[in-house]
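Peer 1: one predicted model, sequence on top.
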Amino acid sequence: MSTWAAAVGLLLGLTWTVAEVTVYDGHSLGSQCLQGQPCTLAFISDNPVSLPCPHSLNQAFVSWQYLNPTWANAQPVTLMLSRNPFRPLLSRGELRRLQLKSQLIAGNLHIPSPSVEDSGVYTCRVGDATVAYYDIDFQDAESIHVSHADLGEDTLGNSTVGLENGTWVELFTAWNAWQPCNHCYNPGERKRVGFCYALVTRKDQQVEPPLPCGMVRRKYPSLPPRGPELRVETCQAPCDGAPQTKMVSLLVYTTYHPQLKSFAFLRCPTSSIYSPVYWRKGPRALTHLEFLQKNGSQSLDKATGGSILRLSFQNHSHSTVYQCYVNGHLVGKFLVAAPSTLSPPGELTHSYSIIEALVVGLSMFLVFLMFLSIIQSCRRKPATSTV
């Protein structure tokens, strides 16, 4: 490890006091900034994020603004207004998509599925005062490096690259703390999330504090690609007297009717890469280790840290119940019916075609009646009176 990496460890310890990340209902929550200072945060795309707005409770007017620094001559635009839930849509396509998927809840900004393109500066205003300022780098979940300690797999090492004008950049991973073991009593798994950070030096002098790689890449486009990381290992934790059986208030129960030669994706409610989650197939627990060893057609999604279970139906099978747990609590039950109980794909396609034809025909008939009504209104002559 280079001498810079040792210094970075101390600096990151100070940085996380400002940019600390906590977990609530599967959302990664950026903590409040120090008064009058911005927060620099890294998150992973495709996982829900909630940004707090201090002093927003019981306030009459809260607004969130967004600025993408990569756009030329860009100005902050208003994403959300507490007084106007039916806000006009923004004209730019990227902004409109961000606006449509964002939610304002108790003054806080929730983004259920952020993308890399949503990186930028988010500010919250209460009245005329700016009370929160977040500079955020959403790192690509599709390029995440997953390693399992029990398979002897390594995390990404530090790397140093030379750029123009004697500039050097050291790329490394800034790790969050280990999450709790995903269940107790029996062996389980725990994970930790790491974000790509970069330290820029010139002539052995630090240019600026370590920043998320996406922010550094704005200034140095030739920076080599490097994604976030997910580290998994086997763990075992006590249950404090008894296995955890308490259920949270939200429990989703869904039935799936798959077809042969198809796939299904089961999403565990309230979970994300930032929360301890595990799955059960009947009485048997499913683990990252098991799927990585088999490398088969069924797997746990890497981008969300196992929040999505991918199933393949290539052969006839019996109906199966899958359950998922977050923080040790049951939050989802999925009954996956046997594929053989379904109608053949041809019959389903024929039924859908008939329904589609009926809907289209009814729509055309209603349009015809509306058009006919307009013609009749135009043909009416205004009544005349003689004096």
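Peer 2: Perfect, I can see it now. Numbers count the residues shown, from 1 in each chain.
Peer 1: C-alpha from now on. contacts and neighbour counts both.
Peer 2: OK.
Peer 1: just give me the neighbour total for residue 158.
Peer 2: 13 (other CA atoms under 10 Å).
Peer 1: which helices and strands does the strand or helix carrying residue 293 pack with?
Peer 2: Element membership of residue 293, judged by DSSP states H and E, is helix 288-294. Helix 288-294 sits against strand 299-300, with contacts defined as 3 or more CA pairs under 8 Å, 6 or more residues apart in numbering; DSSP states H and E.
Peer 1: who touches the strand it packs on?
Peer 2: Identification of contacts with strand 299-300 by CA atoms under 8 Å, 6 or more residues apart in numbering yields 288, 291-292, 306-311.
Peer 1: now do 10 Å
Peer 2: Outside of strand 299-300, the residues within contact range by CA atoms under 10 Å, 6 or more residues apart in numbering are 265-266, 278-279, 286-288, 290-292, 306-312.
Peer 1: for the helix or strand just after that strand, packing partners?
Peer 2: Moving toward the C-terminus from strand 299-300, the next helix or strand (DSSP H and E) is strand 308-313. Helices and strands touching strand 308-313, by 3 or more CA pairs under 10 Å, 6 or more residues apart in numbering; DSSP states H and E, are strand 262-267, strand 277-281, strand 299-300, strand 320-326.
Peer 1: where does the prediction get shaky in this structure?
Peer 2: 1-37, 57-60, 84-92, 241-251, 316-317, 340-387 (pLDDT under 70).
Peer 1: and the residue nearest the centre of it, how far is that from residue 149?
Peer 2: For the chain, residue 47 is the residue whose C-alpha lies nearest the centre (CA atoms, centre = their mean; 1.5 Å). Distance of residue 47 to residue 149, given as CA to CA, to the nearest Å: 24 Å.
Peer 1: equivalent analysis for residue 81, please.
Peer 2: In terms of CA to CA, residue 81 sits 46 Å off from residue 149.
Peer 1: more neighbours: the two, which one.
Peer 2: Taking other CA under 10 Å, residue 81 and residue 149 do not tie; residue 81 has more neighbours (17 against 13).
Peer 1: just checking, what packs against the helix or strand containing residue 230?
Peer 2: Assigned by DSSP H and E, residue 230 belongs to strand 229-235. Packed against strand 229-235 by the contact rule (3+ CA pairs under 10 Å, 6+ apart) you find strand 145-148, strand 167-175, strand 188-202, helix 288-294.
Peer 1: ok, it: who's next to it in the sheet?
Peer 2: strand 145-148 (parallel), strand 188-202 (antiparallel) (DSSP bridges).
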